[in-house]
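Undergrad: give me a 3D structure for the following:
(one chain, ligands or ions: 2)
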Amino acid sequence: MDTKKGILFDIQRFSVHDGTGIRTNVFFKGCPLRCDWCSNPESQDLRPQPLYDAKKCIGCGGCVQRCPSGAISTENGYSIDTQKCFACAELPCAAGCYASALTIAGQSYTVEDIIRIVKRDAVFDGASSGGVTISGGEAMVQIDFLEALLKACKEQEIDTAIETCSACGWDSIRRTLPYTDTYLCDVKHTDPEKLWRETGGRAEHLLENIRRLAENGAYIVARAPQIPGFNTEDRESEDIGRFLVSCGIQRVEVLNFHKLGVPKYTKCFLGRTPKDREPLEPEALERKLEIFRGLGLVAEIG
Ligand code: SF4
Ligand code: SF4
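TA: Ligands and ions are numbered 1, 2, ... in the order given. Below you'll find the predicted structure:
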C-alpha cells in the first residue's frame with residue numbers, strides 16, 4: 001500500500017451527517033480560507049499544533065522549559081506565541097504534559113493506518129451504504145495523500161465522499177474525480193467582494209471549480225451554511241440557489257450556524273475570536289428550504 005503520510009486532526013467513527021449511511025469521517029489539516037465562523041480553527045494550519053486547556057493545567061511550567069523556541073510563557077497568564085512556535089518534532093510541550101492540559105492537534109497517518117481504522121467499521125458502514133467522508137480543513141491542500149487514500153478506498157470497495165470548499169487548483173480536484181463517489185460542496189456566497197472579505201476566498205475561482213466538477217459528471221450535494229450577518233438574506237440564498245441550478249446541481253443541504261467551535265479559538269491562541277452570532281431559528285431555516293425548493297432544488301436541513 002502507498003507509504004505517503006498525511007496530517008489529520010481527527011477521525012470520527014459512526015457519523016451520520018456527512019454523506020449516505022454510517023460513515024467514518026477523516027479530518028485533514030490545512031485550509032487556504034480563514035472563515036471567521038470556522039468550527040474547527042485547529043484545522044487551518046497544516047502543521048501539528050498544541051492546544052491548551054486551562055482547566056487542566058496545574059501550572060508546573062514544564063512546557064515552558066521544554067519549548068526550544070521560547071513560544072510558551074506563563075507571565076501575565078498562560079500564552080503560546082503562534083509566530084514563534086515552529087511545530088517542532090514530537091511537540092515536547094504537549095508530549096511531556098502529565099496533566100494533559102496540552103494536547104496535539106495534528107497526527108501523521110499512512111494510508112494503511114486509515115484503511116485499517118475504516119475497515120474495523122466496514123461491517124456497519126457497508127451495511128448502511130456508508131463509507132468514508134474526507135473532511136477538514138480543506139483536504140485538497142494535501143492532494144498527494146488525499147489521492148492515495150481515495151484510491152486505496154476504491155481498491156477496498158469503500159464508498160468515498162469529500163467535503164470541500166473548492167478553494168484549490170482545478171488540477172487537484174481533477175485528480176480526485178476517478179475515486180470520489182460524492183462531493184459535498186460548500187457554497188458560502190456568490191458575491192466576490194463579500195466572500196473575499198469574510199473568508200479570503202475568490203468567488204469566481206471557487207464557483208468555477210464547482211461548475212467544472214458538475215460538467216465533469218461528479219455527483220454533487222451542495223451545502224449552504226447559514227451564517228448570520230454574512231449570507232442569510234433571502235436574496236443571498238436565492239443567488240446561491242440560482243447558481244446551483246445553473247450548474248445542474250439538484251440537491252442542497254442547509255446547515256445552521258453553531259457555536260461549538262468557539263472555545264477552540266482560545267485553546268489555539270489564534271489571537272482572534274469569531275464574531276458573536278446566534279443560530280437561525282427553525283422558521284428562518286424553513287424559509288431557506290422554501291427558497292431553494294422554489295427554484296426546483298431538493299433541499300433539506302443537513
Ligand atoms: S506542562 Fe501542562 S500542566 Fe504544566 S504548565 Fe504546561 S500545560 Fe500546564
Ligand atoms: S510545538 Fe515545539 S515550538 Fe511549538 S510550542 Fe510546542 S515545544 Fe514550543
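
Undergrad: what separates the longest strand along the chain from the chain centre, distance-wise?
TA: The single longest strand within the chain, with elements called by DSSP state E, is strand 5-15. Centroid separation for strand 5-15 versus its chain: 11 Å, with C-alpha atoms, centre = their mean, to the nearest Å.

Undergrad: can I get the helix or strand just after that strand as PDB, trimmed to CA atoms?
TA: Using DSSP states H and E, the helix or strand that directly follows strand 5-15 along the chain is strand 23-28. C-alpha atoms of strand 23-28 as PDB (Å, rounded to 0.1, in the frame of the first residue of the first chain):
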ATOM      1  CA  ARG A  23     -19.600   6.900   7.900                       C
ATOM      2  CA  THR A  24     -16.000   7.300   9.100                       C
ATOM      3  CA  ASN A  25     -15.000  10.900   8.900                       C
ATOM      4  CA  VAL A  26     -11.400  11.700   8.400                       C
ATOM      5  CA  PHE A  27     -10.400  15.300   9.100                       C
ATOM      6  CA  PHE A  28      -7.400  16.700   7.200                       C
END
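
Undergrad: okay, angle between strand 23-28 and strand 5-15 too, please.
TA: Put simply, strand 23-28 runs at 150 degrees to strand 5-15, going by axes from the mean of the first three to the mean of the last three C-alpha atoms, to 10 degrees.

Undergrad: right, and the helix or strand after strand 23-28?
TA: On the C-terminal side of strand 23-28, the nearest following helix or strand under DSSP H and E is strand 49-52.

Undergrad: who does that next one touch, helix- and strand-wise?
TA: In terms of contacts (3 or more C-beta pairs under 8 Å, 6 or more residues apart in numbering; DSSP states H and E), strand 49-52 is packed against helix 92-95, strand 102-105, helix 262-268. Where you see a C-beta, it was placed from the backbone N, CA and C, and this is true even at glycine.

Undergrad: let me know which of the ones you listed is tucked in deepest.
TA: Of the helices and strands packed on strand 49-52, the one with the most neighbours on average (mean count of other C-beta atoms under 10 Å) is strand 102-105, at a mean of 21.
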